[in-house]
Structure formats: structure tokens, C-alpha cells
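A predicted structure for the sequence below; I have some questions about it.
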Amino acid sequence: MQSRPAHSVQHVIKNFQWGDASEGLTVDVGGGRGEVAKEIARSFPGIKCVVQDLPEVIEGADVPEDLRSEKRLQFMSHDFFKAQPVKGAEFYFLRWILHDWSDKYAMKIIQSLIPALKKGARVLVSDLCLPAPCTLSPYKERSAR
């Protein structure tokens, strides 16, 4: 899926207005093994990234040599349904997370961020907007959901 231009992390890096926040801390919530955070950190040398995911997902994830200095990339075990432990970040990034959950659970994921947010912090969501069920061909429906 990442081969599609709109799904590429470069789409977010080039088209989102990072502004003054191109320095500071970004938390990649549900960030898997950190592939997206690696690209963000490499594109913005002032940004440090914390990648959060379940322990079994981040186990064995590596920090490339170029991102080891100043702890520019770190991994942290976290369940995104629980209160966000990293307080005061510039960005909380949710990429391809919310579309997998019903509205009830998507709201819970976002609400878990609230206690950690500082004034001016931003929640960046990069995700699919799903059409109503049964409006796509079965092939496209299966791929989207």
C-alpha cells in the first residue's frame, strides 16, 4: 500500500505544514517498527521521535546508526487505549490506526491522548476515509477494511 503516492510517508512530510514543530518531539502512536518515524526524523533533523506499539510489535526493532545520536528515535511499549505516557510532545501521529476501529474505539484512542497534550500540541491523523460498507467491489472492500 505504501507504493501509492497518497499512502507514502513522503506525502505527509511534504504536504503537512510542520512549521516551528519541525523541532521537538513527535510520538508515533501505533507506529509499528518505526519505518515512518525513521523517515520523519531523517527529514527533520530537529525532531526526535518516540515510536509506540505493543511489546510484541516493537520487540527487536532497530534504531539505525544515523538516528542513534541524541536519541533521535526511541521505541516504547504502549497500548493506545491507555493514557498517553509521553507528555508535552509537539505531535501525536496516528497513521493507519483509526480506520481499523469502530467509532467507539477510535474515540477512545484519541481521548487517551488528551491528558498528555500541551497547549499548541497537534494530533496528526493520516488514514483512510472509508466509504459506507458494500459500496466498493469485494476486492477493494477487503483491501480497505
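Great, that's in hand.

low-confidence ranges in the chain?
1-6, 20-22, 144-145 (pLDDT under 70).

Now do the strands in it.
All strands of the chain, identified by DSSP state E, fall at 23-29, 46-53, 73-77, 91-95, 122-126.

For N15, find the nearest of these.
Comparing the strands of the chain against N15 with C-beta to C-beta, the closest turns out to be strand 122-126 (10.0 Å). C-beta: built from backbone N, CA, C; applies to glycine.

Summarise which helices and strands that closest one is packed against.
Secondary-structure packing of strand 122-126 (3 or more C-beta pairs under 8 Å, 6 or more residues apart in numbering; DSSP states H and E): helix 9-15, strand 91-95.

winner for burial among these?
Comparing the helices and strands packed on strand 122-126 by mean neighbour count (mean count of other C-beta atoms under 10 Å), strand 91-95 comes out on top with a mean of 22.

Check the offset of it from the chain's centre.
Strand 91-95 sits 4 Å away from the centroid of its parent chain (C-alpha atoms, centre = their mean, to the nearest Å).

Give the pairing partners of it; include direction for each.
Note on strand 91-95: by DSSP bridges, its sheet partners are strand 23-29 (parallel), strand 122-126 (parallel).

Can you dump the C-alpha atoms of the longest one in CSV for me?
Looking back up the chat, that one is strand 23-29. C-alpha atoms of strand 23-29 as CSV (Å, rounded to 0.1, in the frame of the first residue of the first chain):
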residue,chain,number,x,y,z
GLU,A,23,12.0,20.7,16.1
GLY,A,24,10.8,18.9,19.1
LEU,A,25,9.2,15.6,20.0
THR,A,26,6.8,13.5,17.8
VAL,A,27,5.1,10.4,19.2
ASP,A,28,4.2,7.9,16.5
VAL,A,29,1.3,6.2,18.2
